[in-house]
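predicted coordinates and the sequence they were generated for:
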Amino acid sequence: ALQAILYNRIGDVGFIMAMAWFLTNLNAWNLQQIFITQHESLNMPLLGLLL
């Protein structure tokens, strides 16, 4: 049970980091809008979402 809590917290941190990156760099929360308008590499926020 402790392992599940730990994995959940790690996932939460990754999600928050990715969303903070989206907001500061792209000024958007909508993922569809971000992926359509962004032509640069999205490796960092995608890593945060995969975490």
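Here it is on my side, so go on. Numbering: from 1, shown residues only.

now the residue sitting nearest the centre point of the chain: which helix or strand?
Nearest to the mean C-alpha position of the chain, counting by CA atoms, centre = their mean, stands residue 18 at 2.5 Å. Using DSSP states H and E, residue 18 sits within helix 2-26.

just how off-centre is that helix within its chain?
Averaged C-alpha coordinates place helix 2-26 at 6 Å from its chain's average position (CA atoms, centre = their mean, to the nearest Å).

could you say what helices and strands it packs with?
Other helices and strands packing on helix 2-26, by 3 or more CB pairs under 8 Å, 6 or more residues apart in numbering; DSSP states H and E, are helix 31-37, helix 43-50. Where C-beta positions appear, they are placed from N, C-alpha and C, glycine not excepted.

re the thing from before, let me see the contact set for the residue nearest to the centre of the chain.
By CB atoms under 8 Å, 6 or more residues apart in numbering, residue 18 lies in contact with 44-49.

most neighbours among those, please name it.
The most crowded member of the contacts of residue 18, judged by other CB atoms under 10 Å, is residue 45 (21 neighbours).

hang on, that one packs against residue 23?
No: using CB atoms under 8 Å, residue 45 makes no contact with residue 23, being 10.3 Å away.

what are the phi and psi values for the closest residue to residue 19 other than its chain neighbours?
Excluding its sequence neighbours, the residue lying closest to residue 19 (CB to CB, 6 or more residues apart in numbering) is residue 29, at 7.2 Å. With angles defined as degrees, to the nearest 10, residue 29 sits at phi -110, psi -20.

okay, now residue 29: neighbour count?
Other residues close to residue 29 by other CB under 10 Å number 10.

any idea how far it is from residue 22?
7 Å (CB to CB, to the nearest Å).
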